[in-house]
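Engineer: Structure of the sequence below:
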Amino acid sequence: MLSEGGPVKAYAFLGDNGVPRLARLGPAFGTKFLYFCSPASGRPALILDRLVAAWLRENADLSLNEARWSVLTYERYIQTMFGWAGRAGRRSR
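Structural biologist: Modelled structure (predicted):
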């Protein structure tokens, strides 16, 4: 899923609209799983947990609900992070 559809599509496969596709799987562990499953080439899935969300709220004025499955939230997070990386001259791998 990750190598073909990218991180947002893989995230959607695990959950959306507050509903996990696997019982008891939360977005924090789900994004960690996706990160470690990311292929060596292409954009990796990024971890979104309470620590990342808290730092972004406090330091970047970016508010994300990391505790609820939401494809729109994860997509906004991914686009923001890769956008910042691009402006900073960093590649996404």
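
Engineer: Identify each buried residue in stretch 33-42, please.
Structural biologist: 34, 38 (16 or more other Cβ atoms under 10 Å). Where you see a C-beta, it was placed from the backbone N, CA and C, and this is true even at glycine.

Engineer: okay, how far is it across it, tip to tip?
Structural biologist: The first and final residues of stretch 33-42 sit 17 Å from each other (Cα to Cα, to the nearest Å).

Engineer: Report the distance from that stretch to the chain centre.
Structural biologist: 11 Å (Cα atoms, centre = their mean, to the nearest Å).

Engineer: Not counting it itself, show me its contacts.
Structural biologist: 2-3, 6-7, 10-11, 14, 44-47, 92-93 (Cβ atoms under 8 Å, 6 or more residues apart in numbering).

Engineer: any idea which helix or strand of this protein has the worst average confidence?
Structural biologist: Here the helix or strand of the chain ranked lowest by mean pLDDT, DSSP states H and E is helix 2-14, holding a mean of 90.
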